[in-house]
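**Student:** sequence? don't have it. structure:
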Ligand SMILES: [Zn+2]
């Protein structure tokens, strides 16, 4: 297939938003990774203190993970995976990020609906992302080359839409984890008011990467819907 200008028109806003969000999170993180918090607590120490304060001791593990800004919570083993910088540095950014990951653990322990829903759809989304493009292009060939009913093509789109659904439901999960993080930090007395503001800025910047991912995924889906419509109209 040759280059399609429609693809550029639909993909460009997502690409621009993604690049901007990445720049934003990297620069905000770098700023607040250099600001030492007054208590001198590292990400691991903050996580341990907060785990005790919210009553999750013995229910949540903490482990290291390679890379930068790779911090995440894995519900399968109820583990906070913290990057070395977050785990070991006593910075404002480290404490904010550790608290955010613990926010996910708190969601998990309280059966937060959007997190449960996201966990439940993972197998379907994985299958859809592997098979969706193959089924779609097979269906597209059948429609355009053999004039067959477009049902296979639309089945491909249905499979691809799982990724968009996942990216969309990620938004409330991430916003809520940051909200819980800020509430935990406020209640903990670990941070001073202006440090709380710094942590909020880091988490706010990180949220934009999820908004960008959702926008990109939706625009990508829209492109395949447009291709399908175009093929159906022939
Ligand atoms: Zn998160």
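**Tutor:** Everything's here; your move. On a predicted model such as this, the values are computed, not experimentally measured, just so you know. Numbers count the residues shown, from 1 in each chain.
**Student:** Check the gap between residue 146 and the ion for me.
**Tutor:** 46 Å (C-beta to the ion, to the nearest Å). Glycine gets a C-beta too; all of them are placed from N, C-alpha and C.
**Student:** surely residue 232 meets residue 148?
**Tutor:** No. Using C-beta atoms under 8 Å, residue 232 is not in contact with residue 148; the gap is 11.5 Å.
**Student:** And the next helix or strand past the helix or strand where residue 12 lies?
**Tutor:** If you go by DSSP states H and E, residue 12 is part of helix 5-33. Note on helix 5-33: by DSSP H and E, the next helix or strand toward the C-terminus is helix 43-53.
**Student:** quick one: average pLDDT of that following helix?
**Tutor:** Helix 43-53 carries an average pLDDT of 98.
**Student:** which residues touch residue 40?
**Tutor:** residue 90 (C-beta atoms under 8 Å, 6 or more residues apart in numbering).
**Student:** Tell me how far the residue nearest the centre of the chain lies from residue 202.
**Tutor:** The centroid of the chain falls nearest to residue 210 when counting by C-alpha atoms, centre = their mean (4.8 Å). Distance from residue 210 to residue 202, counting by C-beta to C-beta, to the nearest Å: 14 Å.
**Student:** can you list the residues of the protein near the ion?
**Tutor:** Contact residues, the chain versus the ion (C-beta under 5 Å from the ion): 174, 177.
**Student:** Longest helix in the chain, please.
**Tutor:** As assigned by DSSP state H, the longest helix anywhere in the chain is helix 193-233.
**Student:** so it versus helix 43-53, what angle?
**Tutor:** 90 degrees (axes from the mean of the first three to the mean of the last three C-alpha atoms, to 10 degrees).
**Student:** by contact count, what packs against helix 193-233?
**Tutor:** If contacts are counted by 3 or more C-beta pairs under 8 Å, 6 or more residues apart in numbering; DSSP states H and E, helix 193-233 sits against helix 5-33, helix 92-109, helix 113-146, helix 151-188.
**Student:** Sort out which residues of the third one are buried, please.
**Tutor:** Going back to what we said before, that points to helix 113-146. Neighbour counts over helix 113-146 (16 or more other C-beta atoms under 10 Å) mark 114-115, 118, 125, 128, 132, 135-137, 139-140, 142-143 as buried.
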